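K.L.:
the sequence and its predicted three-dimensional model are supplied below.
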Amino acid sequence: MTIRPFDILIAEDNEDDILLIREAFEMVNMTNRVSVVRDGVEALAYLRGEGPFKECPLPGIVLLDINMPKKTGLEVLEEIKSDPRFRPIPVVMLTVSERDEDILRSFEKGACSYIRKPVTFARFISVVKEFELYWTLVSKIPPLKR
């Protein structure tokens, strides 16, 4: 089985969470290139290849926090899924929210998964391992070019 590497875009404004995600990815030896943007406007600029993101490849998957400045994750998700260029990109909501309303709205707007950020680092490592196995061995990600 050939595993095609894919880029991961993380849209997260909390520096501690960014560090936690990066450390977890390193601990499970994920080889995917990871890019981080810190608000919803940056996330959309990255996808569109605007400004400092002009040379960045489209990600194979987006990890999107709900609570971000400038544009919320739900607003970003809605824009991603309304643009035919980006609609095929899987978007995983990665957030602290457990509100049923947020889960429902995320799926209504086109999220393919909803993951609550675990409280402990050990649990987060476990989640990242499961994430990696699923997205690299089970799921297929469409090849996209800007």
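P.N.:
Received, thanks. Residues are numbered from 1 along each chain as shown.
K.L.:
three-state assignment of K71?
P.N.:
coil (DSSP: H, G, I helix; E, B strand; the rest coil).
K.L.:
my read: it touches R38, true?
P.N.:
No: with contact defined as C-beta atoms under 8 Å, K71 does not reach R38; the gap is 11.7 Å. Every residue, glycine included, has its C-beta placed from N, CA and C.
K.L.:
helices of this protein, residue ranges please.
P.N.:
With DSSP state H as the criterion, the chain has helices at 15-27, 40-48, 73-82, 100-108, 121-133.
K.L.:
so who does E12 touch?
P.N.:
For E12, the contacting residues are I18, I21, V36, R38, L63, D65, M68, L94, by C-beta atoms under 8 Å, 6 or more residues apart in numbering.
K.L.:
who are the neighbours in contact with D102?
P.N.:
Contact partners of D102, counting by C-beta under 8 Å, 6+ apart, are I66, L74, M93, T95, Y114.
K.L.:
what's the pLDDT at it?
P.N.:
D102 carries a pLDDT score of 92 in this model.
K.L.:
separation between it and V127?
P.N.:
According to C-beta to C-beta, to the nearest Å, D102 and V127 sit 18 Å apart.
K.L.:
closest to L9 out of the helices of the chain?
P.N.:
helix 40-48 (6.1 Å; C-beta to C-beta).
K.L.:
as a whole number, average confidence for that closest one?
P.N.:
Regarding helix 40-48, the rounded mean pLDDT is 97.
K.L.:
ok, now stretch 57-76?
P.N.:
Averaging pLDDT along stretch 57-76 yields 93.
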